[in-house]
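Enquirer: Sequence and predicted structure, then a few things I'm wondering about:
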Amino acid sequence: MVRFPNPLRLFILGIGLGLSRVGLVDKRRVRRTVDLAWPRIVTGFARMSKGAVDIAMVGVAVGQAAIAGLGFAAPYWGLAFTLGGGFAAGTIALVSQRYGANAFDEMGQAVRSSALLVVLATLPIVFVLWTIPEQLIGLLTNDPDAIGYGAAYLQLLALGVPFAGLNLVGSRVFIGADDAWTPMIIRGGGAIANIFLNSLFIFGFGMGVVGAALGTVLATVAVTVAFTITLLWGELPGVGELTVRVTARGSYLDWETFADVTRIGTPVIGRSLVWTGSAFMLLAIVDLFGQEVVAAYVISRSIWDLLNTPGWGYGLAASSLVGQSLGENREDVAAAYGLEITRISVVSYAIGAVAVLIFAEPIVHLYVGDRTAESVPIAIGLTQAAAIAVVANAVSGTYAGALDATGDTRWPFYSGVVGMFGVAIPLAYLGAITALGLWGLYLAYLAQTTIPAVINRYRFQTDAWRQISRQYRPDSAAPGD
């Protein structure tokens, strides 16, 4: 494949090599980690930038109420990523272990079955979002302006739900086969298309929130088409021959593969539902503060999502490299990858968090056309709280990725439930009904990251995943080191 010098790769490589000099990581594993991680960070930024672009452009063109409306619609759109990401976790576990064991003929079945599962799971969501968008937004707020904007955005966005889920499966296939470059190219192209289409529809045609939704749907469909063609041809124009090629012929209804993908993916779906479900609850609680706080929270959450994009790279690099090491029956190497990738991740997150702490005010101004709006100072404070809290995701997300590759996906699910429903949501509610106020939202940000970080780290260090992973390894791999 063609490779180009990249400042982000050099930056992450510098972090890894710096840690290796003080004995915290093994230099031999740094380059493989970096080569997998940095394209996925770009990919994650590309995907999350779609929502950020929608919010920022609509905020400038329409105003505070439209930002609130898009914020209330976002968790419903997130259902696509909840289901798609869960089944994709099963995909990457099966693909990476088969790739590590050179069992290439078994990879296509995992891809076809995962894709079918995603389509079947998301079609009912499309129907519901399309038919009753006003009622769905109305469950979270009584603000008529926010309901109008949110429903218009959500109804059209519903058409992109299956494609968003399929895109996750497509990208995980390449990651599992040691190729993070191809998804980055495809996702990056989709992000650029989304910015162009949004600008055209929102500012050129004056379509407001409907234009934002239309741009996102068209860009998402384009990415799906690109993944499909690339997987079938085994080649991407301008990149060359790829590590993966999947034929459309063959069985889709393979019950054994369904069972493996579902068994691995269901706890991941549950874990994601914790975050998606909590997003509904948090938005309903934040609505008690008023429209200006809702808009500020949506802005801070958008910045949080962009800050969290290193987790895409490090979590999936951990999934791929841990899975491949297990496919080669090198359990100690798998353990080393989980620990060392987490250390690199923590430093990367910390650097981004410091930058946002310093430049929180000008960043928030990118989302709001009226700098005198009441939401601006609130958004700055929430953004700074989010920047501090997000660093713990370096630990929870990377270890969760490593555990996903082993098939031990239950504990990351439990950790998310405890952190979000046990602590974060109660703190946010206390802020809404007591003198705790906005501090409840600040502390909620902190709780939803630090508690899962502690639990996921503990689980990985128990080594229980070694035995669990042996249930999913290909027949060509014998258990043990």
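Expert: The structure has been received and is ready for your questions. Given the structure is predicted, the values throughout are model-derived calculations rather than measurements.
Enquirer: Summarise which helices and strands the one helix or strand Gly323 maps to is packed against.
Expert: Assigned by DSSP states H and E, Gly323 belongs to helix 310-327. If contacts are counted by 3 or more Cβ pairs under 8 Å, 6 or more residues apart in numbering; DSSP states H and E, helix 310-327 sits against helix 27-61, helix 64-100, helix 161-176, helix 331-358, helix 393-406. Every residue, glycine included, has its C-beta placed from N, CA and C.
Enquirer: Export these as TSV, with columns for mean neighbour count.
Expert: Below are those laid out as TSV (neighbours: other Cβ atoms under 10 Å):
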stretch	mean neighbour count
helix 27-61	22
helix 64-100	27
helix 161-176	28
helix 331-358	20
helix 393-406	29
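Enquirer: what about the ones you listed, which gets the closest to Asp260?
Expert: Nearest to Asp260 among the helices and strands packed on helix 310-327 is helix 64-100 (6.1 Å), distances taken as Cβ to Cβ.
Enquirer: What angle do helix 161-176 and the closest one make with each other?
Expert: Interaxial angle, helix 64-100 versus helix 161-176 (axes from the mean of the first three to the mean of the last three Cα atoms, to 10 degrees): 40 degrees.
Enquirer: which element follows helix 64-100 toward the C-terminus?
Expert: Moving toward the C-terminus from helix 64-100, the next helix or strand (DSSP H and E) is helix 107-131.
Enquirer: in the helix or strand following that next one, what's buried?
Expert: Counting by DSSP H and E, the next helix or strand C-terminal to helix 107-131 is helix 133-138. Within helix 133-138, the residues scored as buried using 16 or more other Cβ atoms under 10 Å are Pro133, Leu136, Ile137, Gly138.
Enquirer: Turn these into JSON lines, including pLDDT.
Expert: Compiled in JSON lines, these are given as follows (pLDDT from 0 to 100):
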{"residue": "Pro133", "pLDDT": "96"}
{"residue": "Leu136", "pLDDT": "96"}
{"residue": "Ile137", "pLDDT": "96"}
{"residue": "Gly138", "pLDDT": "95"}
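Enquirer: any idea which of those is closest to Phe280?
Expert: Leu136 (9.7 Å).
Enquirer: nearest spatial neighbour of the closest one, skipping sequence neighbours?
Expert: Closest residue in space to Leu136, ignoring its immediate chain neighbours: Tyr76 at 6.1 Å, by Cβ to Cβ, 6 or more residues apart in numbering.
Enquirer: just Tyr414 next, same as before
Expert: Per Cβ to Cβ, 6+ apart, closest to Tyr414 is Ile455, 6.9 Å.
Enquirer: Does the one you found touch Phe413 like I think?
Expert: No. Using Cβ atoms under 8 Å, Ile455 makes no contact with Phe413, being 10.2 Å away.
Enquirer: For Ile285, which residues are in contact?
Expert: Ile425, Ala428, Tyr429, Ala432 (Cβ atoms under 8 Å, 6 or more residues apart in numbering).
Enquirer: can we see that at 7 Å?
Expert: Listed by Cβ atoms under 7 Å, 6 or more residues apart in numbering, the contact partners of Ile285 are Ala428, Tyr429, Ala432.
Enquirer: Following the chain onward from the helix or strand hosting it, which element is next?
Expert: Take DSSP H and E as the rule and Ile285 turns out to sit in helix 255-286. Going down the chain from helix 255-286, the next helix or strand is helix 291-307, by DSSP H and E.
Enquirer: next one: phi and psi at the residue nearest to Tyr414?
Expert: Here the main-chain torsion angles of Ile455 (degrees, to the nearest 10) amount to phi -70, psi -50.
Enquirer: Please shift the residue numbers so they start at 615 in all later answers.
Expert: With the count now opening at 615, the last piece we talked about shows up as Ile1069.
Enquirer: Tell me, how many residues neighbour Trp869?
Expert: Counted by other Cβ atoms under 10 Å, the residues lying close to Trp869 total 9.
Enquirer: Look up the pLDDT of it for me, please.
Expert: pLDDT, Trp869: 78.
Enquirer: now do the one 5 residues further on
Expert: Turning to Asp874, the model gives it a pLDDT of 80.
Enquirer: pLDDT weak spots in the stretch 715-864 of the chain?
Expert: Applying pLDDT under 70 to the stretch 715-864 of the chain flags residues 715-720, 849-859, 864.
Enquirer: What is the nearest of the buried residues of helix 747-752 to Pro776?
Expert: The closest of the buried residues of helix 747-752, once distances to Pro776 are taken by Cβ to Cβ, is Pro747, at 17.1 Å.
Enquirer: and the closest one, what does it touch?
Expert: Residues counted as contacts of Pro747 (Cβ under 7 Å, 6+ apart) are Ala765, Leu768, Gln769.
Enquirer: at 10 Å what do you get?
Expert: By Cβ atoms under 10 Å, 6 or more residues apart in numbering, the contact set of Pro747 is Ala687, Tyr690, Ile761, Gly764, Ala765, Ala766, Tyr767, Leu768, Gln769, Leu770, Leu771, Ala772.
Enquirer: from those residues, which ones fall inside helices?
Expert: The helices, defined by DSSP state H, take in Ala687, Tyr690, Ile761, Gly764, Ala765, Ala766, Tyr767, Leu768, Gln769, Leu770, Leu771 from the contacts of Pro747.
Enquirer: So Pro758 sits against Ala682, correct?
Expert: No. Pro758 lies out of contact with Ala682 (Cβ atoms under 10 Å); the separation is 11.3 Å.
Enquirer: nearest spatial neighbour of Ser916, skipping sequence neighbours?
Expert: Using Cβ to Cβ, 6+ apart and skipping the chain neighbours, the partner closest in space to Ser916 is Ala666 (4.8 Å).
Enquirer: Got the phi and psi for the spatially closest residue to Tyr713 that is not a sequence neighbour?
Expert: Nearest residue to Tyr713, sequence neighbours excluded (Cβ to Cβ, 6+ apart): Ala791, at 4.8 Å. Ala791 has phi and psi values of phi -100, psi 20 when expressed as degrees, to the nearest 10.
Enquirer: From Asn812, how far out is Ala791?
Expert: 32 Å (Cβ to Cβ, to the nearest Å).
Enquirer: and the residue nearest to Ser916, what does it touch?
Expert: Phe659, Ala805, Ile913, Arg915, Ser916, Ile917, Asp919, Leu920, Leu980, Tyr981.
Enquirer: Measure how buried the nearest residue to Ala964 once chain neighbours are set aside is and give me the count.
Expert: Once flanking residues are discounted, Ala964 sits nearest to Val1005: 5.5 Å by Cβ to Cβ, 6+ apart. By other Cβ under 10 Å, the residues close to Val1005 number 22.
Enquirer: Hmm, Val1005 is touching Val968, no?
Expert: Yes. The pair Val1005 and Val968 passes the contact test of Cβ under 10 Å, sitting 9.5 Å apart.
Enquirer: If we ignore the residues flanking it in sequence, what's nearest Gly952?
Expert: Spatial nearest neighbour of Gly952, chain neighbours left out: Ala1016 (3.7 Å); criterion: Cβ to Cβ, 6+ apart.
Enquirer: from what I can see that neighbour touches Tyr951, true?
Expert: Yes. Taking Cβ under 10 Å as the definition, Ala1016 is a contact partner of Tyr951 at 7.1 Å.
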